[in-house]
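Student: return a 3D structure for these sequence lines:
(chains A and B)
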Number of protein chains: 2
Amino acid sequence: MSNNDNFKKSKNTQINNKFKPKGNPLSNKTLRFIPLGGNGQVTKNMFVYEYENDIVLVDCGMGFPSEQLYGVDMVIPDISYLRDKQSKIRGLLITHGHEDHIGAIPYLIDKLQTPIFATKLTVGLIKNKLKEANKLNSTKIVEIKPSEQFQLGQFRVEAFQVSHSIPDSVGYAISTPLGTTIHTGDYKFDWTPLDGKVTDVDLLTEYGRKGVLALMSDCLRSEKPGNTLSEAAIQEKFEEVMEHASGRVMITTFASNISRVQQAINASMKFNRKVCVIGRSMDNNVQTAQALGYISIPRDLLVKQENLDKVNDKNVTLLVAGSQGQPGSALNRIANGDHNFVYIKPGDEVIFSADPIPGNQDAVYDMIDNLSRLGANVKYSDITSDFHVSGHAAQDELILMLSLTKPKYVVPISAMHRMMRQYAVLAESTGVKKQNVLIVDEAAIVEFDQSGARIKGEIHTENIFVDGIGVGDVGEVVLRDRKVLAEEGIVVVIVTVDKHRSNLIGEPDIVSRGFVYMKQSEQLIKEATDTVKTSLGNGEKIKNWLTVREKIVSDLERFLYRKTQRRPMVVPVIVDV
Amino acid sequence: MSNNDNFKKSKNTQINNKFKPKGNPLSNKTLRFIPLGGNGQVTKNMFVYEYENDIVLVDCGMGFPSEQLYGVDMVIPDISYLRDKQSKIRGLLITHGHEDHIGAIPYLIDKLQTPIFATKLTVGLIKNKLKEANKLNSTKIVEIKPSEQFQLGQFRVEAFQVSHSIPDSVGYAISTPLGTTIHTGDYKFDWTPLDGKVTDVDLLTEYGRKGVLALMSDCLRSEKPGNTLSEAAIQEKFEEVMEHASGRVMITTFASNISRVQQAINASMKFNRKVCVIGRSMDNNVQTAQALGYISIPRDLLVKQENLDKVNDKNVTLLVAGSQGQPGSALNRIANGDHNFVYIKPGDEVIFSADPIPGNQDAVYDMIDNLSRLGANVKYSDITSDFHVSGHAAQDELILMLSLTKPKYVVPISAMHRMMRQYAVLAESTGVKKQNVLIVDEAAIVEFDQSGARIKGEIHTENIFVDGIGVGDVGEVVLRDRKVLAEEGIVVVIVTVDKHRSNLIGEPDIVSRGFVYMKQSEQLIKEATDTVKTSLGNGEKIKNWLTVREKIVSDLERFLYRKTQRRPMVVPVIVDV
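Tutor: The predicted structure is shown next:
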């Protein structure tokens, strides 16, 4: 299954030529590929393709903060590399409408100042975002169709249809005189998708026949053998539950999973159930998808949550947002018994039509426990795999993509390092040479030229944190402080001194939060106050304030550790009066 | 498979008798069963059996703090229920030596003041703990053997051997005149365990034949179909890797998994590999197990980490602590490249012979990613199930236990609520009546008497947090503060006032940590200072200090939220001079 023979026959044969004729226009031209995110982390997808004076970008997604990133709302790609290159950027190609591919657009579009290219539904979702951020007019948004070709500088670009867990997903064939790179975006091969739109095997085969320089492939499920099941199996399972349930059926899934929502609607119609959409994200996405024609809901099928009590329990399906246990989301409030309109009744069927994303597991299982405590029959992935399939290709599909496109080089993208390593094994099994698999994390520079491909160092990137309306103002220092505050709390010591005579006035004040409950720790606080007084030399004149500050901190830290074996942050405040 | 027929024939028939003859000695006697932990949380196992003036306790384990419990080191059972009942406590029965069954002993033994009963290895591990806490002489520790009967007040107790992931595990048959309850502890049915000690089917059958009032059963894997695989399969898989590895083989597992350690040792001997134990917890457990005869290591097989460079890479196996990604653990340091003696070389085989416990997944996967970045070939559960089996019974084994013991009532224990719900389905499938399955969380009171069994309200329990050497001094208030500090940071406002004239002296001081990086936010801090001055009435005389404090907080909170959309904790400090 080696691609090499095909490749040599292709029009790009010249780049294999070891004898570069002088003056060959390609001789010192280089294609650079740089992941600004995605690689090594799954989310925060953004990729740079750079060829001479032209740059195209693919995706502009947000990252979900890890538990360690206290208080951070989201992480966005660091685009410093593009700072002096703004005039070279020809366009931002978007593969699909998931947050980890479009979520950073409102934060970065003003700096990028480049048109966005995306398919219809994706354009709708991006416009929603820009509207919310009051930035709808920041840039031109071009709606494209799969198999439409367009030129961006020296890049010839063609989108190709792929199946994924949101409609209108595409990958991009991005060609330069050096050859064609296939950027898959997130994909799977679903031969019976609900909307009939299968991954475009014809087009991929055609590119493979002509010769593909490099395949940049999603590899999130490279650890999973076989094929990811088709979306088609799910509706039947919904129907089974709806047929036999004596009461309400609640289905929770990702709000963006439009096909899943459509299946829930289809099944509900079959069993004479009205549908009630619960939760803002679910509501927004259903409305956008419906307005753009990606979802079909008969008039009168929907019922508002305020009117739920007017419908018989066995004649209603609830589509509930919050499958990931997000605090404040509809399902979370229902599980905690504090939703305004929906409370669990014994016998309610609750279907998790989504797996917990790593990092959300504790929150999701808490909900499942609480829902079952309230009497619901909960169906979730640990007890049944009937109600969810992934949107990503498993091993056999990844191999199929490799076999269709026959790339010379492969660069796994949008996955954790261990998954990229597993992908390498698959790629080698199809005949790609070991040294032609380039496993790179964020910020690595992959260079292609006439003589081949290589990892050529890396650029500098940082995590850019969004907290509230601040972008980038929460950095390592603040996060390090938050970690100490979270685990140990803070002790503030206020020392008032006479600035003329340089000695203490009154008693030092000690205020603590998150350390010990002060009302119950009077003795400890008293001893701490004494410790500070001793550090201050018990009323003697103070000469060197810097030294004294340090002494207060180290003496008090030592005292508190000895007493509690904890290390709260000690902050001295010297007030001169 | 109903137990009822058998049960009626048993000597306990009287408790089914609806017509209680007056003066029947059992007429108003009640057996109470109360989980003080374990149920609804898996860990922190501790159970109360109370019959008239006698109490026996089973297990005394620690709980692992969730991510929400900032800075808490561990959670221990709340034994307030036992406060006035100390004189009734006849003994503490321990099922096995895992932390979630013995970890709270050093914290609670002084209050319980009762002898501990445990098997040999478990006694060794408990003594280690008590020694570390300087409490070795706090209580009597009685070493028991399986199938030995002993009397504790009116309780007749018999330990029965079970197989689990640590040797010397037992369950307890606990009998009162009302009948026998079988408390399984953690168990599985491994027919070919390494130490030859299978779960005691004979004894359980015997109890089942005589009649079992209630089965309190581990049900952690009630969601998993079939049988848990035998430990026996693992050694062969270790051997395969060792045979083919051209360099070092590193195996990480739970330090308490003595059988797994023995298998790694056996396999290493077969392939002429020395064994190096890395990490304190692994070292301690191997030493204790070896001293007590639970592990056999030939003289000269072990090599010290300092001498690793004197051994050929292909002649060494490393047994490494830290399979759960604990910060500071040996494997974590190796993965981060900062271990003193072990650094990863390309081609090293790293075997995870343990699954990540929920809550540890992010940490474990981070290690796997880092190890593979450094060039190791990592084998973990997502790509192979060859190297780990659970210590808990899966569905078919749970059904076997039910079928052997034929209980009238069942109380699932030591699992999350959803798992107890699944267990109920299994129990019903063996003929236990639906209403005889009692699903209870921590603190529920299950009562058995002549007329049957029921959930009769609950006692009050709280989470008791251990932080440093403090037990119980970190409570809800401190944790709520830590959460705000972690996510938003703190702003302390120091206002110095003339206590005679009641007006401001100088400028208010503002100190913040974990909110914004102060050096980069001078303008914000200046405006915040002005806000405080305005709250103080710009130099006017202050009459009501309480009102002013509140005004400072609310004005500043509003100002900061408007500027940053964050809500740091605002703490005003008024200094009178």
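
Student: can you pull out the helices in the stretch 151-300 of chain A?
Tutor: For the stretch 151-300 of chain A, the helices defined by DSSP state H, counting those that start in this stretch cover A:201-210, A:232-244, A:258-270, A:280-291.

Student: comparing those helices, which comes out most buried?
Tutor: helix A:258-270 (a mean of 22; mean count of other CB atoms under 10 Å in any protein chain shown). To be clear about C-beta, it is placed using only N, CA and C from the backbone, and glycine gets the same treatment.

Student: now the angle from that one to helix A:232-244?
Tutor: 30 degrees (axes from the mean of the first three to the mean of the last three CA atoms, to 10 degrees).

Student: report all helices and strands that helix A:258-270 contacts.
Tutor: Applying 3 or more CB pairs under 8 Å, 6 or more residues apart in numbering or on different chains; DSSP states H and E, we find helix A:258-270 packed against helix A:232-244, strand A:249-252, strand A:274-278, helix A:280-291, strand A:316-320.

Student: the domain parsing of chain A - what is it?
Tutor: Following automatic domain parsing, one gets these domains for chain A: A:3-10+A:29-226+A:390-470, A:231-379, A:488-576.

Student: which regions of chain A sit below the pLDDT cut-off?
Tutor: A:1-27, A:539 (pLDDT under 70).

Student: so which bits of the longest helix along it are buried?
Tutor: The helix that spans the most residues within chain A, counting by DSSP state H, is helix A:545-564. Residues of helix A:545-564 classed as buried by neighbour count (16 or more other CB atoms under 10 Å in any protein chain shown): A:548, A:549, A:551, A:552, A:553, A:555, A:556, A:557, A:559, A:560, A:563, A:564.

Student: and chain B, which of the residues you listed reach it?
Tutor: The residues of the buried residues of helix A:545-564 that also fall near chain B, by CB under 8 Å from any CB of the partner chain, are residue A:564.

Student: which member of the buried residues of helix A:545-564 is positioned nearest residue B:531?
Tutor: Checking these against residue B:531 by CB to CB gives residue A:549 as the nearest, at 26.9 Å.

Student: report the beta-bridge partners for the residue nearest to the closest one when sequence neighbours are not counted.
Tutor: With sequence-adjacent residues excluded and distances taken as CB to CB, 6 or more residues apart in numbering or on different chains, residue A:549 is closest to residue A:572, at 5.2 Å. When assigned by DSSP bridges, residue A:572 has beta-bridge partners residue A:493.

Student: sorry, back to before: can you lay out the helices and strands packed on helix A:258-270 as a markdown table showing distance to chain B?
Tutor: Putting the helices and strands packed on helix A:258-270 into a markdown table (distance: least, CB to the nearest CB, whole Å) gives the following:
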| stretch | distance to chain B |
| --- | --- |
| helix A:232-244 | 16 |
| strand A:249-252 | 15 |
| strand A:274-278 | 22 |
| helix A:280-291 | 18 |
| strand A:316-320 | 18 |
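
Student: neighbours around residue A:455, how many?
Tutor: 13 (other CB atoms under 10 Å in any protein chain shown).

Student: partners of it in the sheet?
Tutor: Residues in beta-bridge contact with residue A:455 (DSSP bridges): residue A:446.

Student: just checking, it touches residue A:444?
Tutor: Yes - Residue A:455 is in contact with residue A:444 according to CB atoms under 8 Å; the separation is 5.6 Å.

Student: which residue does the stretch 251-400 of chain A have closest to chain B?
Tutor: Nearest to chain B, among the residues of the stretch 251-400 of chain A, is residue A:369, at 4.1 Å (CB to the nearest CB).

Student: so that residue sits in a helix?
Tutor: Yes - judged by DSSP: H, G, I helix; E, B strand; the rest coil, residue A:369 forms part of a helix.

Student: without its sequence neighbours, what residue ends up closest to it?
Tutor: residue B:417 (4.1 Å).

Student: so who does that neighbour touch?
Tutor: Residues in contact with residue B:417 (CB atoms under 8 Å, 6 or more residues apart in numbering or on different chains) are A:369, A:370, A:372, A:373, B:40, B:439, B:441.

Student: which residues of the stretch 1-150 of chain A lie near chain B?
Tutor: Within the stretch 1-150 of chain A, the residues that sit near chain B (CB under 8 Å from any CB) are A:40, A:66, A:67, A:70, A:71.

Student: of those - the most surrounded one?
Tutor: Neighbour counts for those were taken using other CB under 10 Å; the highest belongs to residue A:70, with 26 neighbours.

Student: phi first, then psi, for whatever residue of the stretch 1-150 of chain A ends up closest to chain B.
Tutor: Going by CB to the nearest CB, chain B is nearest to residue A:71 of the stretch 1-150 of chain A, at 3.6 Å. Here is the backbone geometry of residue A:71 (degrees, to the nearest 10): phi 80, psi -10.

Student: repeat for residue A:534
Tutor: phi -60, psi -40.

Student: picking up where we left off before, run through the neighbouring helices and strands of the longest helix of chain A.
Tutor: In terms of contacts (3+ CB pairs under 8 Å, 6+ apart), helix A:545-564 is packed against strand A:490-498, helix A:522-535, strand A:569-576.

Student: so which bits of the shortest one are buried?
Tutor: It stands for strand A:569-576. So for strand A:569-576, counting by 16+ other CB under 10 Å, buried means A:569, A:570, A:571, A:572, A:573, A:574, A:575, A:576.

Student: nearest spatial neighbour of the one residue in the stretch 201-350 of chain A that gets nearest to chain B, skipping sequence neighbours?
Tutor: As assessed by CB to the nearest CB, chain B sits closest to residue A:223 within the stretch 201-350 of chain A, at 4.6 Å. In space, not counting the residues next to it along the chain, residue A:223 is nearest to residue B:382; the distance is 4.6 Å by CB to CB, 6+ apart.

Student: ok, that neighbour touching residue A:221?
Tutor: No - here residue B:382 lies out of contact with residue A:221, judged by CB under 8 Å, at a distance of 10.1 Å.

Student: and the helices and strands packed on helix A:258-270 as CSV, adding distance to residue B:117?
Tutor: Conversion of the helices and strands packed on helix A:258-270 to CSV gives the following (distance: least, CB to CB, whole Å):
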stretch, distance to residue B:117
helix A:232-244, 49
strand A:249-252, 47
strand A:274-278, 53
helix A:280-291, 55
strand A:316-320, 49
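
Student: out of these, nearest to residue B:258?
Tutor: Nearest of these (CB to CB): strand A:249-252, 42.6 Å.

Student: give the contact list for residue A:456.
Tutor: Applying CB under 8 Å, 6+ apart to residue A:456 gives the contacts A:445, A:446, A:447.
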